[in-house]
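Trainee: Generate coordinates for the sequence data below:
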Amino acid sequence: MVIVLEDMVMKFQKLTSAFVLVAGALLTQACGSQASPTDEADQGGELNADGDHAKTGGSSKDAPSGGSRGAGDPIPAKCTVKVASASDLKSVKAGDVVCFESSMKKARLKISKGGTTDNPITYSGEDAKVDGIDIEADNVVVQNFKMSKPHAPGIWAQGNNLVVQNNTITKPVEDDGDGMRFFGNNIKILHNTVSGTSNEYGHADCMQTYSDDTPPSQNVLIEGNRCEKIDNMCLMAEGPNDGEGDGKGHSDHFTLHDNFCETLEAGQTIMVEDIQHMTITDNEFAGSMDKAIGLDIGSTYATVSGNKVSSKIGYEVGMDSTSKKGYKGPKPGGPP
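Mentor: Model prediction:
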């Protein structure tokens, strides 16, 4: 009986070993028939300015729209100070969360007091009535404001370590008709909605920056915003060495990610002049202009990837010869 059992065990072990060998061979054959990640990358992807393959993924006209772009419900704010007049703002200090009485008279809000890097001052506008906002301070957060027909620009943000988030600007008037302007280092513009800018007042952009009597800008994140029914451009960004600036310093390292941009009258949705290291990814461009993006006047080391471009737009990227260096993205379709 023992001998019979031992014989049965030996036969079972042999059958198990054979099964493992056959399964391994089949698995190896199946894996070998698939292309490696390197092979797939060699078959497609983006082109650099010279028509060669770049390392970043391609843009798509069928990419899904971002549902969370633009301003939403108010960001919860635990108010430490509640003000009823502009004079009350003189007493705020680092780390405060400033809220506004609904009875406060409607006027342009001027923010000249900021906090520290670790303890910024937050100005939260759930109940505020404002005719636009001027920020000229460092270490400030501005959120939850809604303004209709403010004096343009709806928000002027000048300073370092600024966050402008979850604000709504509708139909700004006068001046150039812009929704927002920004200047400085380490600026975040997040989940705002700007709509209805009108070229009746000039060239009415959703957002603009330049550098003549204002500082150049670095380390700027523009993410999750909604620019709709914009007569001019979603973003007009000009550095200090574009021929119109003051020639002082450099504007660089901008990221434009996951925004909705609708342009009605301009020849492009985004125009970049003398901005280095510009990253433009996963945005949606709507309209019927010549191109989505213009890279001009030494806007080198740009990266463009993953954007959804309307079929009515002629081509995604236009570029001049001075902006080719370091470019990664779809092959330029024409001039900027």
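Trainee: separation between E200 and D176?
Mentor: Going from E200 to D176 by Cβ to Cβ, to the nearest Å gives 11 Å. The C-beta positions use only the backbone N, C-alpha and C, and glycine is treated the same way.
Trainee: go on, A152?
Mentor: As for A152, its distance to D176 is 6 Å (criterion: Cβ to Cβ).
Trainee: what about these two, which has more around it?
Mentor: A152 (26 against 18; other Cβ atoms under 10 Å).
Trainee: ok, the more buried one - contacts?
Mentor: 132, 172-179, 201, 204 (Cβ atoms under 8 Å, 6 or more residues apart in numbering).
Trainee: repeat that for 6 Å
Mentor: 172, 174-175, 177-178 (Cβ atoms under 6 Å, 6 or more residues apart in numbering).
Trainee: Most neighbours among the residues you listed, which one?
Mentor: So for the contacts of A152 (other Cβ under 10 Å), the most neighbours sit at P172, 29 neighbours.
Trainee: Next, the residue nearest to it when sequence neighbours are not counted: phi, psi?
Mentor: Distance criterion Cβ to Cβ, 6 or more residues apart in numbering; nearest residue to P172, sequence neighbours excluded, is A152 at 3.9 Å. A152 adopts backbone torsions of phi -70, psi 150, taken as degrees, to the nearest 10.
Trainee: let's have the chain start at 794 instead
Mentor: Noted, 794 is the first residue going forward, which turns the last one into A945.
Trainee: From Q951, how far off is A945?
Mentor: 15 Å.
Trainee: R901 too?
Mentor: 14 Å.
Trainee: With E1066 instead?
Mentor: For E1066, the distance to Q951 - Cβ to Cβ - is 20 Å.
Trainee: Low-confidence regions, the stretch 794-943 of the chain specifically.
Mentor: 794-860 (pLDDT under 70).
Trainee: The same query, at a cut-off of 50, please.
Mentor: 794-840, 842-859 (pLDDT under 50).
Trainee: Could you pull out the strands in it for me?
Mentor: Under the criterion DSSP state E, counting those that start in this stretch, the stretch 794-943 of the chain contains strands at 874-876, 890-893, 900-904, 914-917, 923-929, 933-936, 939-941.
Trainee: Could I get those in JSON lines, plus columns for distance to K1105 and mean neighbour count?
Mentor: Formatted as JSON lines, the strands of the stretch 794-943 of the chain follow (distance: least, Cβ to Cβ, whole Å; neighbours: other Cβ atoms under 10 Å):
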{"stretch": "strand 874-876", "distance to K1105": "47", "mean neighbour count": "16"}
{"stretch": "strand 890-893", "distance to K1105": "42", "mean neighbour count": "22"}
{"stretch": "strand 900-904", "distance to K1105": "38", "mean neighbour count": "17"}
{"stretch": "strand 914-917", "distance to K1105": "39", "mean neighbour count": "25"}
{"stretch": "strand 923-929", "distance to K1105": "33", "mean neighbour count": "20"}
{"stretch": "strand 933-936", "distance to K1105": "34", "mean neighbour count": "23"}
{"stretch": "strand 939-941", "distance to K1105": "30", "mean neighbour count": "19"}
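Trainee: So which of those strands is nearest M1029?
Mentor: strand 923-929 (18.7 Å; Cβ to Cβ).
Trainee: for that closest one, packing partners?
Mentor: strand 900-904, strand 948-951 (3 or more Cβ pairs under 6 Å, 6 or more residues apart in numbering; DSSP states H and E).
Trainee: same thing but at 10 Å, please
Mentor: Counting contacts by 3 or more Cβ pairs under 10 Å, 6 or more residues apart in numbering; DSSP states H and E, strand 923-929 packs against strand 900-904, strand 933-936, strand 939-941, strand 948-951, strand 955-958, strand 973-976.
Trainee: now those in JSON lines, with distance to G1091?
Mentor: Output for these, formatted as JSON lines (distance: least, Cβ to Cβ, whole Å):
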{"stretch": "strand 900-904", "distance to G1091": "33"}
{"stretch": "strand 933-936", "distance to G1091": "31"}
{"stretch": "strand 939-941", "distance to G1091": "36"}
{"stretch": "strand 948-951", "distance to G1091": "24"}
{"stretch": "strand 955-958", "distance to G1091": "26"}
{"stretch": "strand 973-976", "distance to G1091": "19"}
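Trainee: Would you tell me which of those strands gets closest to P1009?
Mentor: Per Cβ to Cβ, nearest to P1009 of those: strand 973-976, 7.8 Å.
Trainee: send the alpha carbons of that closest one over as PDB?
Mentor: Provided in PDB are the C-alpha atoms of strand 973-976 (Å, rounded to 0.1, in the frame of the first residue of the first chain):
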ATOM      1  CA  MET A 973      -7.300  89.500 -14.700                       C
ATOM      2  CA  ARG A 974      -3.700  90.800 -14.800                       C
ATOM      3  CA  PHE A 975      -0.900  89.400 -12.800                       C
ATOM      4  CA  PHE A 976       2.800  90.300 -12.000                       C
END
